[in-house]
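>>> Below are the sequence and a predicted model for it; my questions follow.
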Amino acid sequence: MICLLLLLQVKFFLNLLKNRIFDVIIFLVFNGCIVFLFTSIDVIFFGGDYMRKFEKISFSQFSKDICNDKDLYDEYNLPKRATLKSAGYDFYAISDFVIHPGEVLKIPTGVKVIMNGDEALMLYVRSSMGFKYNVRLTNQVGVIDSDYYNNPDNEGHMWLSLQNHGDKDFVCKKGQAFGQGVFTKFLVTDDDDASGSRVSGIGSTTKEG
């Protein structure tokens with residue numbers, strides 16, 4: 001359909017070119033106004049930016065938070081969905097870990113995420129971990145804001161803090177999925193007047209910027 005419209009526009013333009021140069025100018029101005037209008041709507045209402053993807057943290061941040069192993073850095077996987085209809089992107093363990101009953105363990109993902117300004121990434125444990133082992137996030141649900149990405153404190157490195165409320169060890173092998181992230185859009189109130197900016201990593205949205 002779009003191709004057909006483009007072809008019709010080209011044909012119309014060529015016909016105008018044969019007849020009157022003034023009409024050609026009007027045609028170009030009209031099309032330019034249309035492009036400008038839709039671009040303005042895009043920027044004003046949608047931020048003009050459509051990007052949503054996971055990235056690895058830099059190797060320097062990886063060395064600081066996890067270990068100075070370039071081979072390990074190169075081989076771990078970014079989050080991905082397991083099926084076509086999956087809502088969650090699975091996060092995979094960079095290395096083996098065990099959480100004993102009653103123990104809390106903070107697990108680095110080695111991942112940061114970029115998304116649109118009106119979106120957030122919700123972090124959860126995988127369903128089987130809760131049902132089979134009673135393993136939960138210590139904050140129940142993680143909320144990653146778009147401005148957490150590349151913050152000056154930790155580059156936006158996401159961690160999952162897990163607690164074993166069960167009565168048996170939870171064993172996770174390298175490359176095994178241990179959490180999931182779901183993208184969602186959020187709304188703001190009509191009288192919203194938020195104007196602050198993030199100054200560092202976790203918990204920094206309550207600090208003065």
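Sure thing, it's come through.
>>> For Leu78, which non-adjacent residue is closest in space?
Phe54 (4.6 Å; C-beta to C-beta, 6 or more residues apart in numbering). Where C-beta positions appear, they are placed from N, C-alpha and C, glycine not excepted.
>>> How far does the strand or helix carrying that neighbour sit from its chain's centre?
Counting by DSSP states H and E, the element that carries Phe54 is strand 53-56. Shown here is strand 53-56, whose average C-alpha point lies 7 Å from the average C-alpha point of the whole chain (C-alpha atoms, centre = their mean, to the nearest Å).
>>> For the strand or helix carrying Gln180, name the packing helices and strands.
With secondary structure defined by DSSP H and E, Gln180 is part of strand 177-185. With contacts defined as 3 or more C-beta pairs under 8 Å, 6 or more residues apart in numbering; DSSP states H and E, the secondary structure elements packing on strand 177-185 are strand 89-92, strand 119-124, strand 159-164.
>>> Now tabulate these in a markdown table and tack on distance to Gly179 and mean neighbour count.
Converted to a markdown table, those look like this (distance: least, C-beta to C-beta, whole Å; neighbours: other C-beta atoms under 10 Å):
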| stretch | distance to Gly179 | mean neighbour count |
| --- | --- | --- |
| strand 89-92 | 4 | 21 |
| strand 119-124 | 6 | 19 |
| strand 159-164 | 5 | 20 |
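>>> export these to JSON lines and tack on mean pLDDT and distance to Asn68?
Listed next are the helices and strands packed on strand 177-185 as JSON lines, based on pLDDT from 0 to 100; distance: least, C-beta to C-beta, whole Å:
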{"stretch": "strand 89-92", "mean pLDDT": "98", "distance to Asn68": "20"}
{"stretch": "strand 119-124", "mean pLDDT": "98", "distance to Asn68": "26"}
{"stretch": "strand 159-164", "mean pLDDT": "98", "distance to Asn68": "18"}
